[in-house]
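Asker: With the input below, show me the fold.
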Amino acid sequence: MPWVYILRCADGSYYVGSTTHLEYRLWQHQQGEGAEYTKHRRPVELAFAHETETVGEAFGLEKRIQGWGRAKREALIRGDFDALPGLASRRRPRGDGPSR
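Answerer: I've put the predicted structure just below:
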């Protein structure tokens, strides 16, 4: 089954990915073969994993989480699902910026 996952890297950053073979993919990341990002941030540890029904669902969720900020990712990792909507990025309304 497909998975979306979050790794906590040695430098404290997070890496979000998806795969159909979670254990093997984690092994690849630990060996420095998983992704260029994690290659120089080892060791990594699995912080979150969620099994999905389809590869497309896993890929879509991966891309959505990649767009989230750190606080929202950490709420997901903690399982604090109620906090997620409040952590959505907020854009400033037009006209609130500096005058030109």
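
Asker: Need the residue closest to the centroid of this structure.
Answerer: residue 16 (3.2 Å; C-alpha atoms, centre = their mean).

Asker: Which helix or which strand is home to that one?
Answerer: strand 14-19 (DSSP states H and E).

Asker: what sits up against that strand?
Answerer: Under the criterion C-beta atoms under 8 Å, 6 or more residues apart in numbering, residues 2-9, 25, 29, 34-35, 37-38, 41, 44, 47, 55, 58-59, 61-62, 65-66, 70, 73 lie in contact with strand 14-19. Yep, even glycine has a C-beta here, placed from its N, CA and C like the rest.

Asker: List buried members of the residues you listed by neighbour count.
Answerer: Among those, those scoring as buried are 2-9, 25, 29, 34, 37-38, 41, 44, 47, 58, 61-62, 65, 73 (criterion: 16 or more other C-beta atoms under 10 Å).

Asker: Those residues in strands, which ones?
Answerer: Among the buried ones among the contacts of strand 14-19, the members falling in strands (DSSP state E) are 3, 4, 5, 6, 7, 8, 9, 44, 47.

Asker: Need the pLDDT of the third one.
Answerer: According to the predicted model, the pLDDT of residue 5 comes to 98.

Asker: tally of neighbours for the residue nearest to it when sequence neighbours are not counted?
Answerer: With C-beta to C-beta, 6 or more residues apart in numbering as the criterion, residue 5 has its nearest non-adjacent residue at 4.5 Å, and that residue is residue 49. The number of residues packed near residue 49 is 13, by other C-beta atoms under 10 Å.

Asker: No further queries at this time; thank you.
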